[in-house]
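A.B. asks: Dropping a prediction and its sequence here:
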Amino acid sequence: MKTVTIIGGITGIIMAVIAYFAELNSWMSIEAIVTIGFAGYVLIITAIAYFLLAWLYKGSKKLDVL
């Protein structure tokens, strides 16, 4: 699962960068740019959320539960 999440995060970063340069250089319509950029941001946020939740879960196993 970590490998898939890392690939998704990297893909999201690439999509966001491509959308930025496409908007900067007017390569395509604004609707396509916004869609690609939004999908990239969703992938980035999902990857970060997965790793944060995995880190919290691992940390909670170390704590003594009442």
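C.D. replies: On my side now, so go ahead.
A.B. asks: Packing partners of the longest helix along the chain?
C.D. replies: When the chain is parsed with DSSP state H, its longest helix is helix 30-62. Counting contacts by 3 or more C-beta pairs under 8 Å, 6 or more residues apart in numbering; DSSP states H and E, helix 30-62 packs against helix 2-25. C-beta here means a position set from N, CA and C on the backbone, and glycine is covered the same way.
A.B. asks: and for the helix it packs on, what are the contacting residues?
C.D. replies: Applying C-beta atoms under 8 Å, 6 or more residues apart in numbering, the external contacts of helix 2-25 come out as 27-28, 30, 32-34, 36-37, 39-48, 50-51, 54.
A.B. asks: That one vs helix 30-62, what angle?
C.D. replies: 150 degrees (axes from the mean of the first three to the mean of the last three C-alpha atoms, to 10 degrees).
A.B. asks: buried set for helix 2-25?
C.D. replies: Residues of helix 2-25 classed as buried by neighbour count (16 or more other C-beta atoms under 10 Å): 5, 8-9, 12, 15-16, 19, 22-23.
A.B. asks: Compile those residues into a markdown table and extend it with columns for distance to residue 61 and pLDDT.
C.D. replies: Formatted as a markdown table, the buried residues of helix 2-25 follow (distance: C-beta to C-beta, whole Å; pLDDT from 0 to 100):
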| residue | distance to residue 61 | pLDDT |
| --- | --- | --- |
| 5 | 20 | 89 |
| 8 | 25 | 91 |
| 9 | 24 | 91 |
| 12 | 29 | 93 |
| 15 | 34 | 92 |
| 16 | 34 | 92 |
| 19 | 39 | 90 |
| 22 | 44 | 88 |
| 23 | 44 | 87 |
